[in-house]
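>>> quick one, what's the 3D model for this:
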Amino acid sequence: MAAIHGKCFTHPRPWSAQEFTDLLASDTVFMCKAAQGFALGRVAGPEVELLTIAVDPAYHRLGMARDLMNAFEECAVKKSTKEAFLEVAEDNTAAIALYKAFGFTQAGLRKDYYTSSTSVRISALVMTKSL
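As a prediction, this is how the structure comes out:
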């Protein structure tokens with residue numbers, strides 16, 4: 001997971017193998033897997049947060065992200081959540097388009113939330129969706 005995440009992200013920074021291990025040790029965190037990707041969610045009462053979604057760049061444009069989003073939502077509904085939310089870098093146009101295609105809408109803005117590898121500050125969109 002850390003290897004795929006490292007190929008996909010510079011901001012926010014990629015997560016380490018230990019960070020994934022620690023997250024998955026929580027009974028509130030769940031993972032949806034694909035051959036070359038994954039999505040992680042965390043349940044908090046009636047809400048579910050999409051923590052991250054990553055598909056190896058060599059496998060982009062094959063529908064894996066859509067499949068992972070479908071799996072994420074199915075799992076979230078099974079866990080009785082009512083609303084999903086996520087944060088996404090405002091310059092990540094591909095991810096924003098994916099989330100919009102799944103019915104997410106912008107609910108807020110976290111100004112200068114991320115720092116790029118070149119120390120540029122990037123705001124995060126907060127997006128939500130009723131499930």
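
>>> element containing residue 32, please.
strand 29-34 (DSSP states H and E).

>>> mind exporting the C-alpha coordinates of that strand to PDB?
Provided in PDB are the C-alpha atoms of strand 29-34 (Å, rounded to 0.1, in the frame of the first residue of the first chain):
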ATOM      1  CA  VAL A  29     -10.900   1.800   9.500                       C
ATOM      2  CA  PHE A  30     -11.700  -0.400   6.600                       C
ATOM      3  CA  MET A  31     -10.000  -1.100   3.300                       C
ATOM      4  CA  CYS A  32     -11.300  -1.700  -0.200                       C
ATOM      5  CA  LYS A  33      -8.800  -3.400  -2.500                       C
ATOM      6  CA  ALA A  34      -8.200  -3.700  -6.300                       C
END
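
>>> show me what secondary structure element comes after that strand.
Past strand 29-34, the next helix or strand by DSSP H and E is strand 37-44.

>>> in the chain, which helix has the most residues?
Determined from DSSP state H, the single longest helix within the chain is helix 64-78.

>>> return the set of buried residues in stretch 58-78.
Going by neighbour count (16 or more other Cβ atoms under 10 Å), the buried part of stretch 58-78 is 64-65, 67-69, 71-73, 75-76. Just so you know, the C-beta spots here come from the backbone N, C-alpha and C atoms, and that holds for glycine as well.

>>> which one among those gets closest to residue 48?
Checking the buried residues of stretch 58-78 against residue 48 with Cβ to Cβ, the nearest one is residue 76 at 4.1 Å.
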